[in-house]
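**Student:** How does the following fold in three dimensions:
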Amino acid sequence: MPKSITILLLSFAVSLATTRAASGQTTKAQSKPPAAPAQLAAIEARGMKLFLYETALAASMDALKGSKIKSGSVIRETDGENFSSLVELNQKGFRTAFGRLGGEKQCYFIDFLVEGEWQDAAAKSPRTGEPIFLSPPQEDQSSFLAMARALSLVKEEKAKLLPYRNHHYAVLPDTQPDSFFVYFYPAPKVKDTYFLGGDLRARVEGNRVKEWRPMHRSILSYPHATGGKKQIEPVMGVHSAVMDERPEDSDVMHVLLRKPSTGEMVITKTYLYEIEKSGKIKYRGPIKSYLKGARGKNH
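**Tutor:** Reported below is the predicted structural model:
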């Protein structure tokens with residue numbers, strides 16, 4: 001990236017950090033240390049899985065809509081209370097189940113099943129097979145049932161934390177048995193537009209939600225509105241993080257999903273991070289060092 005562009009983005013980052021401090025969003029409490037390499041690697045891994053989940057689900061939805069199967073109202077945006085679309089990821093591909101959680105939550109009934117594989121190990125572009133209509137529905141009491149139970153627990157409470165209604169969701173297994181991360185994030189209806197923010201991550205263990213983590217407060221649209229003027233191709237995104245002193249899983253997913261592909265600078269209260277196009281997170285240092293640099297250039 002050209003040095004002039006880097007300086008401009010850093011200046012904008014400084015401006016965001018200063019504005020946030022002035023608006024009272026920061027506190028005098030001692031800041032957390034910057035994220036350790038292992039923590040950044042974990043965020044990268046979860047963000048990549050979120051990207052794969054969203055990509056696989058979109059491909060599965062397209063396959064189902066384009067098939068000869070009359071799928072009725074199998075659309076995520078109008079899911080019923082018990083209906084869900086769930087993706088089980090693996091190294092070679094994925095399985096997507098469209099089904100319903102039984103009333104006693106002892107079985108998951110799969111109405112439609114789509115299987116796919118990754119065509120390219122690096123780009124992770126999906127290729128799906130023909131959707132399968134299961135009549136009678138296939139009863140699952142394994143992975144999809146566990147995912148549906150976790151999703152159901154979070155659905156019951158998430159409306160209190162997320163006023164925005166048009167959300168996609170993802171259910172990813174945690175490292176512990178019978179433990180999942182459940183995500184809700186906004187879904188734009190305009191093609192080639194991407195939303196960042198207004199999202200939530202919950203950690204479910206067994207039949208309890210152990211942690212609620214709102215990841216961002218506001219919702220940013222990408223690309224930004226231009227007021228009817230010709231769209232300028234972006235070089236890099238930048239946003240201010242107020243919930244924590246590190247990037248979020250959805251930040252990585254956002255970078256990997258959006259086209260044209262660009263990196264993203266994340267400015268916390270104390271630190272500056274850069275997410276590369278590949279989803280790799282780099283710690284750039286304390287924000288105060290850039291504040292000092294900017295002031296020195298102005299004198």
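**Student:** so how far is the longest helix seen in the chain from its chain's centroid?
**Tutor:** Of all the elements of type helix in the chain, the one with the most residues (DSSP state H) is helix 37-66. The gap between the average C-alpha position of helix 37-66 and the chain average comes to 8 Å, counting by C-alpha atoms, centre = their mean, to the nearest Å.
**Student:** Mind giving me the packing neighbours of it?
**Tutor:** The elements that helix 37-66 packs onto, with contact taken as 3 or more C-beta pairs under 8 Å, 6 or more residues apart in numbering; DSSP states H and E, are strand 83-89, strand 93-101, strand 108-118, strand 126-128, strand 167-173, helix 249-257, strand 281-286. Every C-beta, even on glycine, is put in place using the N, C-alpha and C of the backbone.
**Student:** could you say what helices and strands the first one packs with?
**Tutor:** Other elements packing on strand 83-89 under the criterion 3+ C-beta pairs under 8 Å, 6+ apart are helix 37-66, strand 93-101, helix 143-158, strand 167-173.
**Student:** what sits up against that strand?
**Tutor:** Outside of strand 83-89, the residues within contact range by C-beta atoms under 8 Å, 6 or more residues apart in numbering are 49, 52-53, 56-57, 60-61, 74, 76, 79, 94-101, 143-144, 147-148, 151, 169-172.
**Student:** same thing with the fifth one?
**Tutor:** Taking C-beta under 8 Å, 6+ apart as the criterion, the residues outside strand 167-173 that touch it are 46, 49-50, 53-54, 57, 76, 84, 86-87, 89, 147, 150-151, 179-187.
**Student:** Could you report the neighbour count for residue 235?
**Tutor:** Other residues lying near residue 235 total 14 when counted by other C-beta atoms under 10 Å.
**Student:** And for residue 134?
**Tutor:** Close neighbours of residue 134, defined as other C-beta under 10 Å, add up to 15.
**Student:** ok, now residue 170?
**Tutor:** Residues within reach of residue 170, counting by other C-beta under 10 Å, total 28.
**Student:** That one and residue 154: what is the separation?
**Tutor:** 11 Å (C-beta to C-beta, to the nearest Å).
**Student:** Residue 143 now?
**Tutor:** Taking C-beta to C-beta as the measure, residue 143 falls 17 Å from residue 154.
**Student:** got the contact list for the residue sitting nearest the centre point of the chain?
**Tutor:** When C-alpha atoms, centre = their mean is applied to the chain, the residue found nearest the centroid is residue 250 (3.2 Å). Contacts here follow C-beta under 8 Å, 6+ apart; on that basis residue 250 touches 47, 50, 183, 185, 196, 199, 201, 215-216.
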